[in-house]
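Trainee: Next comes the sequence, and after it the predicted model I'd like to discuss.
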Amino acid sequence: MPTEDLLSAVSRADELYNHRGRPEAVRESVMILSGARGGAKLYEVQWRLSRAMFFLGQQAETAAEKLQLHGSASDAGALAVTLNPARVEGHFWMGVNLALYAESARPPRGIRAILRARSELKRAVEIAESYHDAGPLRVLARLEHKAPRILGGSRKRSRVRFDRALTLAPGNSVTLLYAAELALDEGDQERAAGLLERVIASPPDPEWEFENARDRETARALLSVVRSQ
C-alpha cells in the first residue's frame, strides 16, 4: 500500500473515531481500515481496527454481538502484537478486548481470556503505562478488581494501580469512575463520593468528550445513591 494511501486511511479512521458519539462514524472507520490494501500486514491498521471494534462492542445491545465484536477486536490486537511486539497499542487494545470478551464468554474460554488479558495489559504497562491517559494501568486495575482471586483478582493491587493511573492522568473520568466503584465495593463511601464528585466537576476533555458525558451521568446517579445511605 503506498505510504500516502495508508496515511490517508489512518488519518480518516482517526478522525471518524474522534466522533465516536455517533456509532456510524466508528463503523465507517472499520470499513476504511478493513478495506486498506495490505491492511492485514500493517500494524497501524490492525491496532486501530482493534480500538474501533472495542467501541462498537461496548455499545452492542446483546451478549452475542458483544462476544463477536470483542473477539474480532482481540484478533486484530493479536495481529498487531505479532506485527510489532515492541509497541504499546497492540498489547493494550488486545488486553482491553480480551477482558470484555471474558464478560460474555463461558468457561473455559472466558477463563483463558482473563488470563491472557492480564498478561497483555501488564506488558502494556511495562512498555508505556501513560498511554491513553494511563489506560494500561486503568484497565488492569479494573480487571484485578473484577476477576476472582484465583485468576489474579486483588482489590488491594487494583487500588494501587488506580492511584498510579490517577497520578499520571488525574482528570480521566473513566479512571475516576472505576476507582469509585472499587471504593464502593470496599465499603469506603467517603472515598467513593470524593472520586464521583471529581468526575462531575472535571472540565471536559475534547479527546474524551463522549466518555466524559457518559461518566458524568453515571457518577451523578451513583453519588445520589451514596448520599442517600
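Mentor: Noted; the coordinates are in hand. Numbering: from 1, shown residues only.
Trainee: If you average pLDDT per helix and strand, which one of this structure comes out bottom?
Mentor: helix 3-17 (a mean of 89; mean pLDDT, DSSP states H and E).
Trainee: Could you list every helix and strand that it packs against?
Mentor: helix 23-34, helix 43-59 (3 or more Cβ pairs under 8 Å, 6 or more residues apart in numbering; DSSP states H and E). From N, CA and C alone the C-beta is placed, and that goes for glycine too.
Trainee: Which one of these lies nearest to E120?
Mentor: helix 43-59 (11.1 Å; Cβ to Cβ).
Trainee: tell me which residues of the closest one are tucked away?
Mentor: Under the neighbour-count criterion of 16 or more other Cβ atoms under 10 Å, helix 43-59 has 43-58 buried.
Trainee: In the chain, where is pLDDT below threshold?
Mentor: 1-4 (pLDDT under 70).
Trainee: can you pull out the strands in the protein?
Mentor: Counting by DSSP state E, one finds no strands in the chain.
Trainee: Could you check how far stretch 144-159 is from the centre of its chain?
Mentor: 17 Å (Cα atoms, centre = their mean, to the nearest Å).
Trainee: And the helices in this protein?
Mentor: Secondary structure of the chain, counting by DSSP state H: helices at 3-17, 23-34, 43-59, 63-83, 88-104, 109-128, 131-146, 155-168, 173-185, 189-201, 209-228.
Trainee: List the buried residues of the fifth one.
Mentor: Of the residues in helix 88-104, those buried under the neighbour-count criterion (16+ other Cβ under 10 Å) are 88-102, 104.
Trainee: Can I get the helices and strands packed on helix 3-17 in CSV including distance to D75?
Mentor: Listed next are the helices and strands packed on helix 3-17 as CSV, based on distance: least, Cβ to Cβ, whole Å:
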stretch, distance to D75
helix 23-34, 12
helix 43-59, 8
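Trainee: related to what we said a few turns ago, and of the buried residues of helix 43-59, the nearest to S74?
Mentor: Nearest to S74 among the buried residues of helix 43-59, counting by Cβ to Cβ, is S50 at 7.3 Å.
Trainee: which residues does the closest one contact?
Mentor: Taking Cβ atoms under 8 Å, 6 or more residues apart in numbering, we find S50 in contact with 73-74, 76-77, 80, 90, 93-94, 97.
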